[in-house]
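Visitor: here is a sequence with its predicted model. Questions after.
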Amino acid sequence: MSDELSKNASKLLTNIRDKGPLVWNFSNFVSMDIAANALLSIGASPAMAHAKEEANDFSQICKAINGALTINIGTFDPYWQECALEAAKHANENNIPWVLDPVGAGASGFRNKNVEQLIKFKPTILRGNGSEIMAVAGLSGGGKGVDSTSTSYDALDAAISIAKKNKITVAVTGAIDYVTDGHVTYAIEGGHEMMTKVTATGCALTCLIGAAVAVGENKLLSTASIIGIYDLAGEMASKVSKGPGSLRMNLLDKLYNISSDEIINNVKIKNV
């Protein structure tokens, strides 16, 4: 573990809490609640606004106050896709950092088309599990609906390829998380297997990445840092939880209460 990297994670959290960035989310029906509450717990301000007619207004707000956009395709229909494309277009035009979560990529032609169209607007960060990232790269990574059947390490080469081709940062999450811009790669350890038993914990992380890139100048390092913080909060929450129900509650509490010293001493980020 690098002391400098964990100290940077601590500074990032302080920055989020001090600035309370607005994160405008195209989240899915399953994840809206936990995603909004995770953002509130860590000190950010969530806006769950999906209407196409609001895209210009929210993009102008984000531009004015240095907010961010996140787009999660998990429960899209054709209208939502139109709305998301409008939002991504405005984010791209206004230099608003935005995060794309390609939930279930590879599971259907509709999802694949969603991702292909959205990625043209150059997301700042692409975050997915191993199977999703491999599907985005055009590989046969398998997948079981929205669940991954490929490890994060399996998808690392695909993540690096996507990052280089599109000139973006890619985060692939799993037992070990990786964040890469195609040239520099960070590995993050932590979390707990029980987190996979609470729906939309990955979707919530996508929204937290939105908060991180809203306030952090180095988008690659900010993404690695917020993943490290989230992993640590999940790990700590698991120790006081009897099962997935209490873990959900304790995860939000840990995001709210986690201290700088805990982050500096326990976040595990390394350059690989």
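Guide: Arrived safely, thanks for sending. Just so it is clear, the model here is predicted, and its values are computed rather than measured.
Visitor: thought residue 179 was touching residue 223, still the case?
Guide: Yes. With contacts counted by Cβ atoms under 8 Å, residue 223 reaches residue 179, the gap being 5.0 Å. Every residue, glycine included, has its C-beta placed from N, CA and C.
Visitor: tell me where the chain has helices.
Guide: 3-19, 32-42, 55-65, 78-93, 109-119, 130-136, 156-166, 201-215, 219-239, 244-257, 260-266 (DSSP state H).
Visitor: list of residues touching the fifth one?
Guide: Read that as helix 109-119. 71, 73, 76, 81, 84-85, 88, 100, 102-106, 126, 135-136, 166 (Cβ atoms under 8 Å, 6 or more residues apart in numbering).
Visitor: what residues sit buried inside stretch 233-244?
Guide: By neighbour count on 16 or more other Cβ atoms under 10 Å, the buried set for stretch 233-244 is 233, 234, 235, 236, 237, 238, 241.
Visitor: reformat the residues you listed as JSON lines; add distance to residue 158 and pLDDT.
Guide: Listed next are the buried residues of stretch 233-244 as JSON lines, based on distance: Cβ to Cβ, whole Å; pLDDT from 0 to 100:
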{"residue": "233", "distance to residue 158": "27", "pLDDT": "98"}
{"residue": "234", "distance to residue 158": "25", "pLDDT": "98"}
{"residue": "235", "distance to residue 158": "27", "pLDDT": "97"}
{"residue": "236", "distance to residue 158": "31", "pLDDT": "98"}
{"residue": "237", "distance to residue 158": "30", "pLDDT": "98"}
{"residue": "238", "distance to residue 158": "29", "pLDDT": "97"}
{"residue": "241", "distance to residue 158": "33", "pLDDT": "98"}
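Visitor: wait, which of these is closest to residue 9?
Guide: residue 233 (11.5 Å; Cβ to Cβ).
Visitor: residues in contact with the closest one?
Guide: Contacts of residue 233 (Cβ under 8 Å, 6+ apart): 251, 254, 255, 258.
Visitor: burial check on the first one, number of neighbours?
Guide: Residue 251: 28 surrounding residues under other Cβ atoms under 10 Å.
Visitor: retrieve the pLDDT associated with it.
Guide: On the pLDDT scale, residue 251 is placed at 98.
Visitor: could you measure from it over to residue 69?
Guide: With the distance defined as Cβ to Cβ, to the nearest Å, residue 251 ends up 24 Å from residue 69.
Visitor: likewise for residue 34?
Guide: For residue 34, the distance to residue 69 - Cβ to Cβ - is 19 Å.
Visitor: ok, now residue 269?
Guide: Per Cβ to Cβ, residue 269 is found 25 Å from residue 69.
Visitor: neighbour count for the two, which is higher?
Guide: residue 69 (32 against 25).
Visitor: tell me how far the nearest residue to residue 72 once chain neighbours are set aside lies from residue 95.
Guide: Leaving aside its chain neighbours, residue 72 sits nearest to residue 101 (4.2 Å; criterion: Cβ to Cβ, 6 or more residues apart in numbering). According to Cβ to Cβ, residue 101 stands 21 Å off from residue 95.
Visitor: who's more crowded, the two?
Guide: residue 101 (32 against 9).
Visitor: that one is in contact with residue 76, isn't it?
Guide: No. The pair residue 101 and residue 76 does not pass the contact test of Cβ under 8 Å, sitting 11.2 Å apart.
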